[in-house]
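J.: Quick one, what's the 3D model for this:
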Amino acid sequence: MTVERIACGHVNCFVVQDGDDAILVDTGTVKFRDKVEKACEQVNLSLIVLTHGHWDQVQNAQYLSKKYHVPIAIHKLDYPLTKDNFIEPLYAHSFMGKVLLWIVKGRMKKETMEPFPCTVFLKEGMDLKEYGVDATVIRLAGHTKGSIGLKAGRKDFIVGDALMHFGKPSISKIYWNYEKTKQSAQIISQSGERKIHFGHGRSVTNRFWK
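T.: Next up, the predicted model:
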């Protein structure tokens, strides 16, 4: 089992490979499409998993799904977000969070998302062995209603934007629901000795998240 981070500017995607099969977690933005595509060409891709529905995670989903003939998976509560990021409000309470929120909303107004069909809806505890990868879906609501993470094997945890690493790793600075964000951070804290892979920023060893 390997988890390869694909750094696409401030956004991360991950190729999780288990033997001969692999899945792509999040798809990055059009600007970095070639880089994600190159990583996908090195593996036998079986599934695209989206940790949540914001534009920077989904912008290449339809293109890559069609090119590699693989389905797209997302939690059903976040599927509507892939068509309109503004249907669900985002909040922040810290100074840095409010600055980030202002930047994010500005980008959301400018960016587009190509609609895509979804045939795989992710649920808590769902096993992805059907797609050749030893990974389990973990609900991490808070950043969005339907945010999910993936425990990959025994050593890795891809957490999307439930946590963020901008300067200092912490729980998400912007969120749909702060209480649920804290609850999700606690779930990650209690997941044991794993490498935590963020949607933004370099990966770190698991710790108590606050």
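
J.: Backbone dihedrals for the closest residue to residue 30 other than its chain neighbours, please?
T.: Taking C-beta to C-beta, 6 or more residues apart in numbering, and ignoring the residues beside it in sequence, residue 30 has residue 59 as its nearest neighbour in space, at 5.4 Å. Every residue, glycine included, has its C-beta placed from N, CA and C. Backbone geometry at residue 59, expressed as degrees, to the nearest 10, gives phi -60, psi -30.

J.: Show me which helix runs longest in this structure.
T.: Under DSSP state H, the helix in the chain containing the largest number of residues is helix 95-110.

J.: beta partners of residue 171?
T.: In this structure, residue 171 has beta-bridge partners residue 163, where bridges are defined by DSSP bridges.

J.: tell me the pLDDT at it?
T.: We have a pLDDT of 96 for residue 171.

J.: just to revisit the earlier point, could you spell out the sheet neighbours of the helix or strand following the longest helix of the chain, each with its direction?
T.: Elements were assigned by DSSP states H and E; along the chain past helix 95-110, the next helix or strand is strand 120-122. Its sheet considered, strand 120-122 pairs with strand 72-75 (parallel) by DSSP bridges.

J.: and the strand it pairs with, how far from the chain's centre?
T.: In terms of C-alpha atoms, centre = their mean, to the nearest Å, the centre of strand 72-75 is found 11 Å from the chain centre.

J.: Can I get it in CSV, CA atoms only?
T.: Output for strand 72-75, consisting of C-alpha atoms alone and laid out as CSV, is shown next (Å, rounded to 0.1, in the frame of the first residue of the first chain):
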residue,chain,number,x,y,z
ILE,A,72,-16.7,8.9,-9.3
ALA,A,73,-17.6,8.4,-5.6
ILE,A,74,-18.8,11.1,-3.2
HIS,A,75,-21.1,11.3,-0.2
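
J.: who's in contact with it?
T.: By C-beta atoms under 8 Å, 6 or more residues apart in numbering, the residues outside strand 72-75 that reach it are 47-50, 52-53, 58, 61-62, 65, 82, 116-123, 139, 146-148.

J.: Of these, which qualify as buried by neighbour count?
T.: Buried subset of the contacts of strand 72-75 (neighbour count, 16 or more other C-beta atoms under 10 Å): 47-50, 52-53, 58, 61-62, 65, 82, 116, 118, 120, 122, 139, 146-148.
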